[in-house]
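Asker: Sequence first, predicted model second:
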Amino acid sequence: IVEFLHVLHPDLIPMIGKKPQTPRTFIILFDYETRPKTRQHIRSATLRLGLAIKELGAICEVALLPGPEKGIDDWVVALGKQASVAVSALITDALSLKDYRNLGFVNRYRGLHNYQPNITVNCQYLSEKIQLPRSGLVGLWSDMGTGKTELLRRWRQANPDTRFLNNGHRVNLLRNLALRLGTNLYSDINPDNLSKITALSITVDSLYKLNENLQTYGCIFIDEACQFLAHLLGSKTCKDNQAEILDLLEYLVYNAPLVVIADAHLDDTTIDFFRAMRPTVIFFLFFFWTFNFCFRYIDSNHFNFSCLLPQLSPTG
């Protein structure tokens with residue numbers, strides 16, 4: 001433990017205590033950053049601090065700001081009346097230290113090479129420009145905070161009688177989505193009443209339990225699809241029931257008219273995995289949003305400013 005104490009502020013150590021029976025939970029939240037070098041420094045500092053907190057017996061999670069506002073104070077001001085709900089969702093959706101670490105292990109070579117987007121969107125929120133199709137396998141390559149949940153929420157509003165399944169690998173994420181999408185969390189319901197539930201959120205670890213009351217769904221939504229797949233194939237919690245989970249997942253994906261998979265790092269491997277369960281043409285949508293930046297120029301030489309303008313303009 002001693003080797004990690006140098007990264008903790010002295011005021012923080014007494015707050016953690018020494019191996020308490022009921023450990024406290026600490027959530028690390030750094031500013032939003034776009035510069036690669038600074039992002040790497042933030043990642044390194046977060047992991048070192050998180051590991052030090054865990055070594056002292058506490059729980060550590062990491063919350064991530066969606067941007068473009070740099071700090072949470074600016075973000076809250078920008079959100080206005082929606083700030084309270086958004087901050088609660090940010091805390092609820094905090095990543096475990098392991099999941100945060102795994103975000104840095106994305107194999108950039110994997111990426112997307114075999115699929116070209118049907119639609120490329122450049123706007124602040126997905127729901128401003130598109131609507132989901134009635135059926136098919138839909139891939140959303142879209143970063144955090146770009147309105148994926150809002151897009152599905154609107155679909156739910158337009159199709160209130162359609163059976164809906166939200167599957168994922170993180171309980172915190174599913175609990176947040178259940179609240180925003182109006183679904184029932186599996187852990188909160190009586191399994192005997194499962195047949196009466198038309199909108200369900202369930203972890204992939206518990207998916208095999210649906211075999212007891214097998215249903216089909218009109219729409220299946222899987223957020224963080226790449227991490228979902230890695231968790232399904234590599235986690236200890238899925239190991240004992242993996243074959244049963246895979247069989248049931250294939251049945252559900254094959255029979256659902258609409259399947260939506262979303263990830264900020266969507267790749268060929270993940271798309272191929274779901275296409276193998278329903279060999280149809282994927283409807284692939286790539287979303288990106290270019291933030292507007294403000295530059296401060298301090299120089300009395302106007303010629304220098306005129307030379308700088310083409311570099312600042314996205315169109316040259």
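Answerer: Nice, I can see it. Numbering: from 1, shown residues only.
Asker: The spatially most central residue of the chain: what's it in contact with?
Answerer: Residue closest to the mean C-alpha point of the chain, counted by Cα atoms, centre = their mean, is residue 224 at 4.9 Å. Residues near residue 224 by Cβ atoms under 8 Å, 6 or more residues apart in numbering: 168-170, 173, 262-263. C-beta coordinates here come from the backbone N, C-alpha and C atoms, glycine included.
Asker: buried sites along stretch 211-229?
Answerer: 217-229 (16 or more other Cβ atoms under 10 Å).
Asker: If you could redo that for stretch 229-239, that was the one I meant.
Answerer: For stretch 229-239, burial by neighbour count (16+ other Cβ under 10 Å) applies to 229-232, 238.
Asker: Next step: these restricted to helices.
Answerer: 229-232, 238 (DSSP state H).
Asker: Looking at the residues you listed, which is nearest residue 76?
Answerer: residue 231 (31.7 Å; Cβ to Cβ).
Asker: per-residue confidence at the nearest residue to that closest one once chain neighbours are set aside?
Answerer: Leaving aside its chain neighbours, residue 231 sits nearest to residue 169 (3.8 Å; criterion: Cβ to Cβ, 6 or more residues apart in numbering). pLDDT, the model's per-residue confidence, is 89 for residue 169.
Asker: Angles on the backbone of residue 169, please.
Answerer: phi -110, psi -10 (degrees, to the nearest 10).
Asker: That one touches residue 233, doesn't it?
Answerer: No. Judged on Cβ atoms under 8 Å, residue 169 makes no contact with residue 233 at a distance of 10.9 Å.
Asker: Quick check: closest non-adjacent residue to residue 266.
Answerer: residue 141 (4.3 Å).
Asker: Identify the single longest helix in the protein, thanks.
Answerer: Per DSSP H, the chain has its longest helix at helix 36-55.
Asker: At which residues are the strands of the stretch 101-250 of the chain located?
Answerer: 119-122, 136-141, 164-168, 184-185, 199-203, 219-222 (DSSP state E, counting those that start in this stretch).
Asker: Turn these into TSV, columns for distance to residue 149.
Answerer: Formatted as TSV, the strands of the stretch 101-250 of the chain follow (distance: least, Cβ to Cβ, whole Å):
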stretch	distance to residue 149
strand 119-122	16
strand 136-141	11
strand 164-168	10
strand 184-185	15
strand 199-203	12
strand 219-222	9
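Asker: quick one: which of those is nearest residue 36?
Answerer: That would be strand 136-141 among those, by Cβ to Cβ, at 19.8 Å.
Asker: quick one: buried residues of the closest one?
Answerer: 137-141.
Asker: and what of stretch 72-91?
Answerer: 72, 75, 86, 90.
Asker: mind listing what residue 30 touches?
Answerer: 42, 45-46, 65.
Asker: With residue 148 instead?
Answerer: By Cβ under 8 Å, 6+ apart, the contact set of residue 148 is 126, 140, 142, 223, 262.
Asker: please redo it, this time with the cut-off set to 6 Å
Answerer: Applying Cβ atoms under 6 Å, 6 or more residues apart in numbering to residue 148 gives the contacts 140, 142, 262.
Asker: How about it: what's its closest non-neighbour residue?
Answerer: Counting by Cβ to Cβ, 6+ apart, the nearest residue to residue 148 once its immediate chain neighbours are dropped is residue 262, at 5.1 Å.
Asker: Quick check: the one you found touching residue 223?
Answerer: Yes. Between residue 262 and residue 223 there is a contact under Cβ atoms under 6 Å: 5.1 Å.
Asker: Tell me which two in the buried residues of stretch 72-91 are the farthest apart.
Answerer: Across these (Cβ to Cβ), the longest gap, 10.1 Å, separates 72 and 86.
Asker: Give the partner strands of the next helix or strand after the longest helix of the chain in its sheet and their orientations.
Answerer: Following helix 36-55 in sequence order, the next helix or strand is strand 59-63 (DSSP states H and E). As defined by DSSP bridges, the strand partners of strand 59-63 come to strand 25-29 (parallel), strand 95-96 (antiparallel).
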